[in-house]
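J.: This is the structure alone, sequence omitted:
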C-alpha cells in the first residue's frame, strides 16, 4: 500500500476511533456516521442542519464529516467506503451509518436515516459502517426507491419533488407572453392562405425549431449552473436573478413595456411581420417553405431569449442544486419541453381545425406577466430563506399554490375592488379612460 494511501487510511481510522461499538451513555449502542460532502454542493448545505439536529438529539450518535472539496485526500477514503457499501462514489452528500448508505438528500432520505439511527442505537445489532459491512436487516425500508427505464437506466424516485417542480415551472413557462404573441401572429397570417397543409407545415416546423433552440439554451444554462454550484453561491445567484425578473414582470403588469422590460423589442416586430408574410407566398414550394420557416423560427427564437430566459434559469438552478446525474437531467428536460411545447401545440391544433385564432392582446400579456412575476418572486424568497421547501412534494406544491392565490388576490384588488373605490393603478386604466 503506497505511503499516501496508508496516510489516508490511518487518518480516517484515527478520526473514527479504534473502539468497536460500546454500550452507551443512554443505555444504547454507540453508532458511527460517516458523511462525505462538498462545500460547493448546495444540497449538502441544505442537509447540514438536519444532521446537526440528529447529532444533538442522539447522544449515542457519533458523526464524522469529510469535505471532499477542501480536503482532496478524503476522496480515496470516500471511494473505498462507497465501494464496500455497494454505491457509486460520484455524488454528495453521501451518508454511511449502521452498514447502510444514502446518496443525496430528500425528506424520505432524512426520515430513513433518522429511523435507522434510532433502530441501531436501540437494538445494538447494526454493523459498523467503519467496517464497511452491508446491512442485511429485512425489517427496514429500502434506502432508496428506483425505477429502471430502457436506454436511461435507474431513476431515483426520491427526486419526485424536482419532477413536480419541473412540471409546474414548465407549465407556467408555457404561457410565456412573447412566444404566444409570435405563435398567434404566425397562425393568424398563415390561416389566410386557407391551406391546412401549409398551416401544418409552417406551424410544426416553427414549433420544432424554437423548441430545439430553447432546449439547447437550457442545456447551456444547466452547465453554467453546475459550475456555479461548486462555488456555493448557486441559490443566492439564482434568487437574485429570479428577483430581478419578478420585479420587472410585475412592473410590466402595471406599466407595460415602460422602462426595463423583458419583452420583444418594438424595433424587431416589423421584421417579424415581414418574415411571416413571406411564408404566405403561393410560389413557395414545400421544401422552400420549410427552409424559410426554419430560418425565421431560428431568428425569432434568439430575439425571444431575453423574454423567455427567466424560468429556465430558475429551473436549472433548482435542478443543479439536487446534484442529479445527466440521465435524470435528460428526463427532466424532456418533461419540461414536452409540457412547455404541449401548450403551444394545443393552440396550434385548435387553429388548424377551426381555421381561426384570436390575436394575443396586451392585456393578456399583462396578466401572464403578473402570474410569472409573482411565482418568480415566491421562488426567489424560498431559495433564500427556505430552500428545503423545494426538496419535498408538499413544499414545492405549496409554493406554487400560495403564489397563485396571491396572484388572484392582486387581480381581484386591482381590477375589481380598487376601481369600485375610485382607485386606478397603472397605465392600463388611463388608456381606457382616454
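T.: Perfect, thanks for sending it. Please read these numbers as outputs of a predicted model, since none were measured by experiment.

J.: Please name the residues that touch residue 246.
T.: Residues counted as contacts of residue 246 (Cβ atoms under 8 Å, 6 or more residues apart in numbering) are 373-374, 376-377, 380. Every C-beta, even on glycine, is put in place using the N, C-alpha and C of the backbone.

J.: could you redo the last one with a cut-off of 10 Å?
T.: Applying Cβ atoms under 10 Å, 6 or more residues apart in numbering, we find residue 246 in contact with 310, 314, 372-381.

J.: Ok, residue 236 next?
T.: Residues in contact with residue 236 (Cβ under 10 Å, 6+ apart) are 42, 228, 383-384.

J.: one more time with 8 Å
T.: Contacts for residue 236 (Cβ under 8 Å, 6+ apart) come out as 383-384.

J.: Remind me which helix or strand it belongs to.
T.: Mapping residue 236 onto the secondary structure by DSSP states H and E places it in helix 234-254.

J.: and after that helix, which helix or strand comes next?
T.: Once helix 234-254 ends, the next helix or strand along the chain (criterion: DSSP H and E) is helix 269-278.

J.: got a list of contacts for that following helix?
T.: Counting contacts by Cβ under 8 Å, 6+ apart, the residues touching helix 269-278 from outside are 182, 185-186, 189-190, 264, 292, 296, 299-300, 303.

J.: State the mean pLDDT of the helix holding residue 236.
T.: Confidence over helix 234-254, taken as the mean pLDDT, stands at 91.

J.: Now it: buried residues?
T.: Along helix 234-254, these residues count as buried under the neighbour rule (16 or more other Cβ atoms under 10 Å): 234-235, 237-239, 241-243, 245-246, 248-254.

J.: how about the strands in the protein?
T.: Listed in chain order, the strands found in the chain under DSSP state E are 31-37, 61-67, 94-97, 100-103, 146-149, 153-156.

J.: for the residue nearest the centre of the chain, what are its contacts?
T.: Of all residues in the chain, the one closest to the mean position by Cα atoms, centre = their mean is residue 315, 3.3 Å from it. Residues near residue 315 by Cβ under 8 Å, 6+ apart: 165-166, 169-170, 173, 218, 336.

J.: Just to be sure, which of those are found in helices?
T.: Counting by DSSP state H, those place 165-166, 169-170, 173, 218, 336 in helices.

J.: Please identify which pair of those residues lies farthest apart.
T.: Checking the ones in helices among the contacts of residue 315 against each other with Cβ to Cβ, the farthest-apart pair comes out as 165 and 218, at 14.4 Å.

J.: which one of those two has more residues nearby?
T.: Taking residue 165 and residue 218 together and counting by other Cβ atoms under 10 Å, residue 165 has the greater number of neighbours (26 against 23).

J.: just curious, which of the ones in helices among the contacts of residue 315 is nearest to residue 359?
T.: When these are compared for distance to residue 359, the smallest value, 21.2 Å, is given by residue 173; criterion: Cβ to Cβ.

J.: residues in contact with that closest one?
T.: Taking Cβ under 8 Å, 6+ apart, we find residue 173 in contact with 308, 311-312, 315, 336, 340, 372.

J.: Distance of it relative to residue 48?
T.: Residue 173 sits at a distance of 32 Å from residue 48 (criterion: Cβ to Cβ, to the nearest Å).

J.: follow-up on the earlier one: in JSON lines: the ones in helices among the contacts of residue 315, plus distance to residue 108.
T.: As requested, the ones in helices among the contacts of residue 315 are arranged in JSON lines below (distance: Cβ to Cβ, whole Å):
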{"residue": "165", "distance to residue 108": "16"}
{"residue": "166", "distance to residue 108": "18"}
{"residue": "169", "distance to residue 108": "22"}
{"residue": "170", "distance to residue 108": "24"}
{"residue": "173", "distance to residue 108": "27"}
{"residue": "218", "distance to residue 108": "27"}
{"residue": "336", "distance to residue 108": "23"}
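
J.: Before I go, just wanted to say thanks for your time.
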